[in-house]
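S.K.: Sequence and predicted model, in that order:
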There are 2 protein chains.
Amino acid sequence: MDQKNRITLAEVAMAAGVSKMTASRALRGAGDVSRRNIDKVRQAASEIGYVGNHLASSLSGQRSSLIGVVVPSMANIVFAEVLAGIAQGIEGSGLQPVFGVTDYDLEKEHDVIRNMLSWNPAGLIVTGLDQSGDARRLLENAKVPVVQIMDLDGVPVDACAGFSHHAAGISMAEALLANGRKRFGYVGCGLDADFRAKKRFEGFREALSRAGMAFETTRIAGGLSTVKAGRELTVQILKNRPDLDCIYFSNDDLAGGGAFHCISAGLSVPDKLILAGFNGLDFVESLPVKIATSLTPRREIGQSAAEIVLGSARGDKAETRKRIEFQPTIDLGV
Amino acid sequence: MDQKNRITLAEVAMAAGVSKMTASRALRGAGDVSRRNIDKVRQAASEIGYVGNHLASSLSGQRSSLIGVVVPSMANIVFAEVLAGIAQGIEGSGLQPVFGVTDYDLEKEHDVIRNMLSWNPAGLIVTGLDQSGDARRLLENAKVPVVQIMDLDGVPVDACAGFSHHAAGISMAEALLANGRKRFGYVGCGLDADFRAKKRFEGFREALSRAGMAFETTRIAGGLSTVKAGRELTVQILKNRPDLDCIYFSNDDLAGGGAFHCISAGLSVPDKLILAGFNGLDFVESLPVKIATSLTPRREIGQSAAEIVLGSARGDKAETRKRIEFQPTIDLGV
DNA sequence: GCTGGTATCGATACCGGTATCGATACCGGT
DNA sequence: ACCGGTATCGATACCGGTATCGATACCAGC
């Protein structure tokens, strides 16, 4: 049932009455082919339904038109949007994204990266700066451009595009302090695996401590950040400390859940209690109550990562070791 | 800067003191190699950091370990979850997903499919049954297993996994009629390109008409289905017809936006006005007001599509033309 | 000692393209 | 008529693996 009869370039060439080489050149638009032959080959190719074989051309050309993308999760719209940005960035370039999901697991990440590398991709886009030692060595020795995205707190292997989560945590804390908040709580999920959420948490805590303050209470759960979890954890933290006037969540999903609870419970948000998330997801601005968030340019990060890869693929030396810094903008929603 | 010095199997073989062939067999776990040589090769490979080259092995083996996935959008969590399901389904199989985004554009879809095919993938998973004629021919002539997902209303090329959107629209209408609703409105986005949303709309309309009723008013916009759009369209439709007691939205994002407006406006939901969406997204159950929705098994669909491909790749004839029907379950939320 | 069978190995021929380089034809200029 | 230059083409050698099949070694059985 296989492709015993896949049409090959040789057959196109024969049909057009030219050599394989000429057919190859004609279809690729490489030079050294007469107008007449270009037409003949094109004609023949479309007549017999030639599809081409990227495997062969990539193997021969020493470089595939695949671009590897490694993300921690697919159940999170943030990474889906990054992928959308990448897809948009490589649009029309002929490159194709292959992706791998790590589930926030370092070992899986290593396997995925290794696997990607064996496709000889035109480039690799990896989420985060914190890989395992083995994985990092793999990236360093890879002879392909590597772009690490979504984080700047650390030392990149090659190029990177993103923002500092530590700084994002700090500025959110500062904004909330400036807003007059005094009693802070924290709600987060999966901090042991989500390094970036942890960096925000720590940045926030650091800023509080510089102001002589601290989280009154924290509620850190395992598992994924979902709206549901956010709602439940908010119920819990408020039962424990109903006097909080600010809760920092590890992201907008959790914060949204918190907002839902507050609406149901009739709590005055953001007057008496302000909720702060992270990412600036689409739904936040439509919420019945205003919550604070940091708007992150996820799509843009994906897009510029794609552009860096594209540039390196064209041999543009300048793209190497490039560092693109984005700045999340804070929306207090008040 | 390229991979002038990528380590090849030949080098591993040399280091281990065996032939390329033996090294290949040892690393793949194919038979006909002595214990001693297996160890020597493995050792050598890891010592010199051999990574392997999927391009070469796929080309040689006539079949790549790539699995093509075509989705209409990446900005929609639904498709991200489908991808998550696929990733989960092929976990451990050594297959790797390549994806393409069509932006609900038939021409782009054709290009993407064609491109995928040229990777000689182990299988192709395509969203929906409604491709352009050219694209469909491409799929029919492809010598790879094709699984069309997320829809059953139509004739599949090969295997398929999903549910009937038409039926989903009907059952939601019936459930709402049984709930005693009388004055229906509809809010939707991008129906001209999103065939599945349109099928739900038409199923719903058909059920209404069978009950001697009809949508009192519809509000159909272009563009993407977002929470924001849902909120705005709800404001508009209710300004026009404040007497509606039911609004059917093309999906949960829009319905969520509707819910947000109703909360802000202090409307009694679902008593006076019930909102119905589609998909059963995570956040729905945490909402401060209850909305109706159809829960769809997105992850499971992705997973079973992956399994069909896996089965066909193993030469399992039974997987071909397989049709897996899922059943969305309605949650009225009342 | 000879035979047949099994386990292990490697030389060779691909897979389907592309890079390279030499061959050929045709041109205008002298 | 001869020459160098340009345009066009194709034979050949790869790219880095794997399938195939024959070679070799070793063993038991007679």
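M.R.: Cool, got the structure.
S.K.: What count of nearby residues applies to A:L287?
M.R.: Counted with other C-beta atoms under 10 Å in any protein chain shown, the neighbours of A:L287 add up to 24. (C-beta placed from N, C-alpha, C; glycine too.)
S.K.: same thing with A:V334?
M.R.: For A:V334, using other C-beta under 10 Å, the count is 11.
S.K.: Give me the pLDDT for it.
M.R.: We note a pLDDT of 83 for A:V334 in this prediction.
S.K.: Do I have it right that it meets A:A178?
M.R.: No - using C-beta atoms under 8 Å, A:V334 makes no contact with A:A178, being 10.9 Å away.
S.K.: does A:E109 belong to a helix or a strand, and which?
M.R.: Using DSSP states H and E, A:E109 sits within helix A:106-117.
S.K.: Contacts for that helix next, please.
M.R.: A:68, A:70, A:72, A:98, A:100-102, A:124, A:126, A:131-132, A:134-135, A:138-139, A:142, A:144, B:51, B:54, B:94, B:96 (C-beta atoms under 8 Å, 6 or more residues apart in numbering or on different chains).
S.K.: how about 7 Å then?
M.R.: Here helix A:106-117 makes contact (C-beta atoms under 7 Å, 6 or more residues apart in numbering or on different chains) with A:68, A:70, A:98, A:100, A:102, A:124, A:126, A:131-132, A:134-135, A:138-139, A:142, B:51, B:96.
S.K.: Relative to B:Q62, which of those residues is nearest.
M.R.: Distance to B:Q62 across the contacts of helix A:106-117 (C-beta to C-beta) is lowest for B:Q96, with 17.2 Å.
S.K.: Can you give me every residue that contacts that closest one?
M.R.: Counted by C-beta under 7 Å, 6+ apart, B:Q96 has contacts A:V98, A:G100, A:N115, B:S65, B:L66, B:I67.
S.K.: A:T234: which of those residues is nearest?
M.R.: Nearest to A:T234 among these, with distances taken as C-beta to C-beta, is A:G100, at 33.5 Å.
S.K.: That closest one belongs to a strand?
M.R.: Yes - counting by DSSP: H, G, I helix; E, B strand; the rest coil, A:G100 falls inside a strand.
S.K.: Look up the pLDDT of it for me, please.
M.R.: Note for A:G100: predicted pLDDT of 94.
S.K.: Among the contacts of helix A:106-117, name the buried ones.
M.R.: A:68, A:70, A:98, A:100, A:102, A:124, A:126, A:131, A:135, A:138-139, A:142, B:51, B:96 (16 or more other C-beta atoms under 10 Å in any protein chain shown).
S.K.: Columns secondary structure and distance to A:A255 on top of those, output as JSON lines?
M.R.: As requested, these are arranged in JSON lines below (DSSP: H, G, I helix; E, B strand; the rest coil; distance: C-beta to C-beta, whole Å):
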{"residue": "A:G68", "secondary structure": "strand", "distance to A:A255": "32"}
{"residue": "A:V70", "secondary structure": "strand", "distance to A:A255": "27"}
{"residue": "A:V98", "secondary structure": "strand", "distance to A:A255": "33"}
{"residue": "A:G100", "secondary structure": "strand", "distance to A:A255": "29"}
{"residue": "A:T102", "secondary structure": "coil", "distance to A:A255": "25"}
{"residue": "A:L124", "secondary structure": "strand", "distance to A:A255": "32"}
{"residue": "A:V126", "secondary structure": "strand", "distance to A:A255": "27"}
{"residue": "A:Q131", "secondary structure": "coil", "distance to A:A255": "28"}
{"residue": "A:A135", "secondary structure": "helix", "distance to A:A255": "31"}
{"residue": "A:L138", "secondary structure": "helix", "distance to A:A255": "36"}
{"residue": "A:L139", "secondary structure": "helix", "distance to A:A255": "33"}
{"residue": "A:A142", "secondary structure": "coil", "distance to A:A255": "37"}
{"residue": "B:V51", "secondary structure": "coil", "distance to A:A255": "42"}
{"residue": "B:Q96", "secondary structure": "strand", "distance to A:A255": "35"}
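S.K.: Tell me the one among those residues nearest to B:L275.
M.R.: Using C-beta to C-beta, the buried ones among the contacts of helix A:106-117 come closest to B:L275 at A:T102, 36.8 Å.
S.K.: From A:V157, how far off is the closest residue to that closest one other than its chain neighbours?
M.R.: Leaving aside its chain neighbours, A:T102 sits nearest to A:E109 (4.0 Å; criterion: C-beta to C-beta, 6 or more residues apart in numbering or on different chains). Using C-beta to C-beta, to the nearest Å, we find A:E109 at a distance of 13 Å from A:V157.
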